[in-house]
Every structure is written in C-alpha cells, then in structure tokens.
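**Student:** 3D, please:
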Amino acid sequence: MKKLLFLGLLLFSVSAFAVEQTLTLQINDGGDDMEEWLDPAKAGATDIGSSDLELGSESKDGLSPQMVAVRFKNVTLAKGTKINSAVIEFELDATAKNADPFEVYIWAEKTDNAATFDNTQSVPYSVSSRSKMIDSIKWTIATGDFNVVDSKAQTSNIAPLLQKLVDRTNWASGNAIAFYLKGKGTREVESYDGEPAAAPKLIIKYETVATDINDANATEAVVFPNPTSENVNVSGVDNIQSLELINLNGISVISANNVSTLNVSNIENGSYILKIKTADTQLFKKVQIIK
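**Tutor:** Take a look at the predicted model:
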C-alpha cells in the first residue's frame, strides 16, 4: 500500500490539467459604450452619453439603423489562452421600441489593444470606420423574447472572435477589446450612463492549466486528513465560497458552496485536486483518496 501511495503521489506531482475559470468584465466608464447613426439623415454622427443603447435600430420602424460599440478594459487573459465561451450580457431598459425580427451581427475590433472611443463626438464615422475582423457572429432573439424591463439577455457565443484576439502576436494580458453590433430589429438596453450597475458585461469562460503546486499563495490553506477516505477539511482560509474536487482529467467530480468540509466517501480512490475558492482568490491543493 505504501508503495502504491508513493507511486500515486509521484504521478500526481507531474500531472497537469485544465481548469475552467470565469472572467466577468463590466463597462465602468461612460466613454466605453457608444452609438453611431447609419441612416442617411444622420450618417456618421455619434452619441457617447446616451442613457440607453438601441441595438439594431434607434426607432421601432427600423428607419434609423445604428452601430453600437462596447469596449472592455483590463482583459486579464494571457496570450494564447483557450477560450471556451464568451458572451456579452445586456439588461433591457424599456420595451416601447422592441421590434422583431431581431437579428444583429457582432464584430471584434482588429487590434491588439482597443483605444478609447471619441469622447468629443467630433469625428464622424468614428465607430464604423474602426478596423474590424472579417468574421462576425450572428445573434438572434426569438419574437417576443427579451421583452421585460430589467431582464437580461446574452449574445450568441463570441468565443471565436475573442480567441483570435488573444492569439494575436502582440496580445498582452490587461489589454482592452471592443465589439461592434449592427443589424435589424430593436432592443433598447442599458448603457453605463443610464444605469452603471446594469451596464453591458462581458462574461468569459476560459481554461488555465493547474498543476500539483502548493505555491506561496496556497500555503495558508491546510487540507486534512490527507490521504482521506471520508471527509476533506480545510482550515486556515477565511470566506470560503466553494470547494470543488477535480480529477486529473480536469473534470469536476463533486463540489459544495459555503463549506469547509467536503464529503468524499462516494468518490473513487485516486489522486485529485481540491479547488478552494474564496472571495479573493482560488487555491489548489492535492488530495489523495484511499479506502
């Protein structure tokens, strides 16, 4: 048994696996969401201080199409990070302008670090003239959906666009990215200027590679008993939000919220990673289950 345990821990110490994490970014500056009119009467004019953003057309009759731009700062993803999914979440501001069918396309700005928008509104076509990737993602909303004030809706998965950005040669963690939406139909959503707490959000699920490392950030966490057959207990860490046991293939096998003890009596023997999530950070500890 001791020999098997040693071999198991040895294999465990050199293993690596993917862990999915979530990064949520919300517009926190009135200069990071903007509208540009596309209809001939106002073509090229922009509005950076509007209390709402009309996706598709400014008017219900569809005669005032516009492009909406949203910019997210401090995107803390390393170059080459694998993006599993990404969506922009909007909150509905009002329903009077709702028009179907709703169908918009989303582009990403073709740059390593998206610059701020023209706050002076003195440059015509400052949104539509920005360089954009050729590829776009189509987002549709079924007739009658997203029709309750303060309700939220998420775009189609725009991970392919984001992946191309973080794969760029000069991409660096902390850069800014911008997306552009244009199409038909109307949904009137909140802007930062209208309601900061309801401003557009970018929600990214991505992979990081975790290894069996009890690094400096995790030394305060004590996991016991280890090896174990019944429970895994955690001490030395405040404000635990969740405990999650992950196998060496990166698959979650059991989790619980707001606890410091995880019952593993029904888990198969083997080597695992215990992911300890707190309000401030995430820690990883090796766990061996032996019965």
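
**Student:** rest of the way, CA atoms for contacts and neighbours
**Tutor:** OK.

**Student:** Helix or strand next in line after the top strand by length along the chain, which one?
**Tutor:** For the chain, the strand with the greatest residue count under DSSP state E is strand 83-108. Using DSSP states H and E, the helix or strand that follows strand 83-108 in sequence is strand 137-141.

**Student:** beta partners for Glu35?
**Tutor:** Asp47, Val68 (DSSP bridges).

**Student:** ok, it - how many residues close by?
**Tutor:** The local packing of Glu35 (other C-alpha atoms under 10 Å) involves 27 other residues.

**Student:** do the same with Glu54
**Tutor:** Residues near Glu54, counting by other C-alpha under 10 Å, number 26.

**Student:** That one - that's part of a strand, no?
**Tutor:** Yes. With DSSP: H, G, I helix; E, B strand; the rest coil as the criterion, Glu54 is located in a strand.

**Student:** Off-centre distance for the longest strand of the chain?
**Tutor:** Distance of strand 83-108 from the chain centroid (C-alpha atoms, centre = their mean, to the nearest Å) equals 16 Å.

**Student:** partners of it, with directions?
**Tutor:** With DSSP bridges as the test, strand 83-108 is paired with strand 137-141 (antiparallel), strand 152-154 (antiparallel), strand 175-190 (antiparallel), strand 201-211 (antiparallel).

**Student:** Pull out the buried residues from stretch 268-279.
**Tutor:** By neighbour count with 16 or more other C-alpha atoms under 10 Å, stretch 268-279 contains the buried residues 270-278.

**Student:** tell me the contacts of the spatially closest residue to Gln282 that is not a sequence neighbour?
**Tutor:** Spatially, and ignoring its direct neighbours in sequence, Gln282 is nearest to Ile276 (5.6 Å; C-alpha to C-alpha, 6 or more residues apart in numbering). Listed by C-alpha atoms under 8 Å, 6 or more residues apart in numbering, the contact partners of Ile276 are 240-244, 282-285.

**Student:** distance of Ile276 from Glu207?
**Tutor:** Distance from Ile276 to Glu207, counting by C-alpha to C-alpha, to the nearest Å: 17 Å.

**Student:** Okay, now the unreliable bits of the stretch 51-200 of the chain?
**Tutor:** Across the stretch 51-200 of the chain, nothing is flagged by pLDDT under 70.

**Student:** which residues in the stretch 151-291 of the chain form helices?
**Tutor:** Secondary structure of the stretch 151-291 of the chain (DSSP state H, counting those that start in this stretch): helices at 159-166.

**Student:** Now do the strands in it.
**Tutor:** Using DSSP state E, counting those that start in this stretch, the strands of the stretch 151-291 of the chain run over residues 152-154, 175-190, 201-211, 222-224, 231-235, 240-246, 252-257, 261-263, 270-278, 282-289.

**Student:** Phe117: which of those strands is closest?
**Tutor:** With C-alpha to C-alpha as the measure, strand 175-190 is the member of these nearest Phe117 (9.6 Å).
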